[in-house]
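Colleague: After the sequence you'll find the predicted model.
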Amino acid sequence: MLSADQQDDWLALAYSACDVTLAIGAGEGFCFPIIESQACGTPVVHCDYAGGAEFTPYKVQVVNYRLEGPQNIMRPVQEAISWAAKIQYAAKRKQLYDVTPLRWENLWPRWKNWFEEGISDT
């Protein structure tokens, strides 16, 4: 079993080892892997829909929408060929990706302190 600090180190190494992180969502909003990956210098490809689209420059365009379930939840539809092209584009630019504001070694201690403060307030 890894300690919390070891888990953070392992996660940072895992993200850093990737060429690209894919955030293929069906409409959910923000997700931590988008920010965690970018903090480690790995670009993220996301569809141009929902909250995650605000956090990455590499977006796959939505070509249509489908309605799902009894509540008619709107979900994006994208083309696989568009994903392939965007993945290749983002992977070639990994070394050019500016992660200065999101560096993992600077970001996670602030998140940890924020989290611990919230726990101590309860």
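Modeller: Noted; the coordinates are in hand. Everything numeric in this text was worked out from a predicted model, so none of it was measured.
Colleague: Below-threshold pLDDT in this structure: ranges please.
Modeller: The model of the chain has pLDDT under 70 over residues 1-2, 27-29, 95-103, 121-122.
Colleague: can you pull out the strands in it?
Modeller: If DSSP state E is used as the criterion, the strands of the chain fall at 21-23, 44-47, 58-60, 64-68, 73-77.
Colleague: ok now the first one, how far from the chain's centre?
Modeller: To tie it back to what came earlier, the one meant is strand 21-23. Offset of strand 21-23 from its chain centre (C-alpha atoms, centre = their mean, to the nearest Å): 6 Å.
Colleague: returning to that earlier point: could you dump the strands of the chain to JSON lines with distance to Ile35?
Modeller: (Each C-beta comes from the backbone N, C-alpha and C, glycine too.) Formatted as JSON lines, the strands of the chain follow (distance: least, C-beta to C-beta, whole Å):
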{"stretch": "strand 21-23", "distance to Ile35": "10"}
{"stretch": "strand 44-47", "distance to Ile35": "9"}
{"stretch": "strand 58-60", "distance to Ile35": "14"}
{"stretch": "strand 64-68", "distance to Ile35": "26"}
{"stretch": "strand 73-77", "distance to Ile35": "21"}
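Colleague: Can you redo those strands as JSON lines, where the extra columns are distance to Tyr89 and mean neighbour count?
Modeller: Output for those, formatted as JSON lines (distance: least, C-beta to C-beta, whole Å; neighbours: other C-beta atoms under 10 Å):
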{"stretch": "strand 21-23", "distance to Tyr89": "13", "mean neighbour count": "20"}
{"stretch": "strand 44-47", "distance to Tyr89": "9", "mean neighbour count": "24"}
{"stretch": "strand 58-60", "distance to Tyr89": "7", "mean neighbour count": "21"}
{"stretch": "strand 64-68", "distance to Tyr89": "22", "mean neighbour count": "11"}
{"stretch": "strand 73-77", "distance to Tyr89": "19", "mean neighbour count": "14"}
